[in-house]
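Chemist: show me the folded form of this:
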Amino acid sequence: MTGKDSIYAAEQEVKDFTFDENVVEVFPDMIQRSVPGYATIVSTMGKLAGSFAQSNSNLYDLGCSLGAVTLSMRRNIDKENCQIIAVDNSAPMVERCKLHLKGFKSDVPVDVTLGDINDIEIENASVVAMNFTLQFITPEQRYAVLEKIYNGLKPGGVLLLSEKIRGENDQKDNILIDLHHDFKRHNGYSELEISQKRTAIENVMRPDQLSAHLQRLDKIGFQQTQVWYQCFNFCSMIAIK
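Modeler: Here you go, the predicted model:
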């Protein structure tokens, strides 16, 4: 069982956000109350993975956290000889992910790996999912990570990318931020919680503008890139090799 997210409910000396044991315990509640349309994003990523999965290939879930996208992909795969490789750099997340996956039977094998995405090899891939993961990678390393994914994808393979984005200028960004904060208030977060969480995350999560994402994917070589979901400053894209 997971609890309600109250990590920032009391006034405290705010440290940089990490995916530690405390976050793991409340992560499902935190993500549902913080990311608009999260359930729709996860279920749709699974359906897209099922559509683009190729027989005898690997599917990757990079930054798998508790395995929501992995489970969604696994439910939708009907091609022969596919396996999912789920990777996260948080040991508590990986351990809990393994437990979650054991609760659902499937013929599709999953390898849950503790590791740094920067060091993981991408090979023989038909689908690579990054669900709100790239934003936690150092900006200077993002191009290299995406290029590695592109090179590891089979022709016709896809990158499924969800990200928190910045508005294209300060005024547009402030509109998106205000809408998101109002969403969090509606879901029961206090002004103190919103403020402290923002302080905790600002050094570890640096969102890009949507235009920067699209330009980078195009430069790397993806032939077709489509935004299929956006609500406030949360966006999901598909990029086809």
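
Chemist: how much space between the residue nearest to residue 154 when sequence neighbours are not counted and residue 117?
Modeler: Closest residue to residue 154 apart from its sequence neighbours, by Cβ to Cβ, 6 or more residues apart in numbering: residue 126 at 5.5 Å. Yep, even glycine has a C-beta here, placed from its N, CA and C like the rest. Using Cβ to Cβ, to the nearest Å, residue 126 is found at 18 Å from residue 117.

Chemist: so which of these two has more stuff around it?
Modeler: residue 126 (24 against 21; other Cβ atoms under 10 Å).

Chemist: make sure that one is indeed in a helix.
Modeler: No: looking at residue 126 with DSSP: H, G, I helix; E, B strand; the rest coil, it is strand, so not inside a helix.

Chemist: which residues are in contact with the most centrally placed residue in the chain?
Modeler: The residue lying closest to the centre of the chain (Cα atoms, centre = their mean) is residue 131, at 1.7 Å. Neighbouring residues of residue 131 by Cβ atoms under 8 Å, 6 or more residues apart in numbering: 41, 42, 45, 61, 63, 65, 68, 69, 160, 162.

Chemist: highest neighbour count among the residues you listed?
Modeler: Counting by other Cβ under 10 Å, top hit in these: residue 61 with 31 neighbours.

Chemist: which strand residues bridge that residue?
Modeler: residue 86, residue 129 (DSSP bridges).

Chemist: contacting residues around it?
Modeler: By Cβ under 8 Å, 6+ apart, residue 61 lies in contact with 67, 69, 70, 73, 84, 85, 86, 87, 129, 131.

Chemist: what about the third one, helix or strand, and which?
Modeler: Counting by DSSP states H and E, the element that carries residue 70 is helix 68-76.

Chemist: same question, the fifth one
Modeler: Residue 84 is part of strand 83-88, with elements assigned from DSSP H and E.

Chemist: who does that strand touch, helix- and strand-wise?
Modeler: Judged by 3 or more Cβ pairs under 8 Å, 6 or more residues apart in numbering; DSSP states H and E, strand 83-88 is in contact with strand 58-62, helix 68-76, helix 91-102, strand 110-114.

Chemist: leaving out chain neighbours, which residue sits closest to residue 111?
Modeler: Distances taken as Cβ to Cβ, 6+ apart place residue 85 nearest to residue 111, at 5.0 Å, with adjacent residues excluded.

Chemist: quick one, longest helix in the chain?
Modeler: Longest helix in the chain by number of residues, with DSSP state H as the criterion: helix 170-186.

Chemist: now do the SS call for the closest residue to residue 192 other than its chain neighbours.
Modeler: Leaving aside its chain neighbours, residue 192 sits nearest to residue 11 (6.4 Å; criterion: Cβ to Cβ, 6+ apart). Going by three-state DSSP, the secondary structure assigned to residue 11 is coil.

Chemist: still on that earlier bit, can you report phi and psi for the residue nearest to the centre of the chain?
Modeler: With angles defined as degrees, to the nearest 10, residue 131 sits at phi -100, psi 100.
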